[in-house]
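Undergrad: Can you look at this prediction? I've put the sequence above it.
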Amino acid sequence: MTEFNEAVLALQRKRGISRYRPVVIVIAPLVAILFKVYVPQLIPQLSYLSLPLLVVVYFALMRRSQMAGVFFGAAVGLMQDSLSDKPVGMFGIVMTLVGYFAASVSLRFDVGNLAIRFILGFFFFFFHEFFYWVMARALLGQAIDFNAQQTLILGLLNAAVAIPLFHMLDKLRVTE
């Protein structure tokens, strides 16, 4: 093993994996999905927020397990699919990818740092939107447009929302 890998493993042991009560792991994504589905109907200006995505990113980053990230992302994505008017499975596939890659990133970076959290919130929003576009074109044959400029702006807005959301979810961690 290289010195870098040994240092990463030592840092992981030192920081450990975050633990949450089961009710938090169920309620947080459920509230985020209900927010995404129903709040934009009342306040259309909030339709840009992708709280289910941010919740998946947060839990995948904090659990530091690729398998947990995959299953959590798939579950949240399929729940979101069931309540949306989109074809079932699209959010499930994309959220699964987000969960896996977010957990992979957490193994290399200090995800407690606010700047890292902002960057990752932005990156995974862009990643999610891009892969949703790819999947819609590849699997469904839909000719939808990908507006990179709008996605960049919305990514910055979601990253700005991610900071206080992540801080609030940090408060729900179980301390040992």
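TA: Perfect, I can see it now.
Undergrad: if I pick the residue nearest to Leu30 when sequence neighbours are not counted, what's in contact with it?
TA: Of all residues not flanking Leu30 in the chain, Met79 sits nearest, at 7.4 Å (C-beta to C-beta, 6 or more residues apart in numbering). In short, each C-beta sits where N, CA and C put it, glycine included. Met79 sits next to Pro29, Leu30, Ile33, Pro52 when contact means C-beta atoms under 8 Å, 6 or more residues apart in numbering.
Undergrad: Of these, which is the most crowded?
TA: Pro52 (28 neighbours; other C-beta atoms under 10 Å).
Undergrad: Now it. Nearest residue, chain neighbours left out?
TA: Ala32 (4.6 Å).
Undergrad: and if you look at Pro40?
TA: Of all residues not flanking Pro40 in the chain, Ser47 sits nearest, at 3.7 Å (C-beta to C-beta, 6+ apart).
Undergrad: So that neighbour belongs to a strand, correct?
TA: No. Assigned with DSSP: H, G, I helix; E, B strand; the rest coil, Ser47 falls outside any strand and is helix.
Undergrad: Just confirm it contacts Phe35, I think it does.
TA: No. Counting by C-beta atoms under 8 Å, Ser47 does not reach Phe35; the two are 10.8 Å apart.
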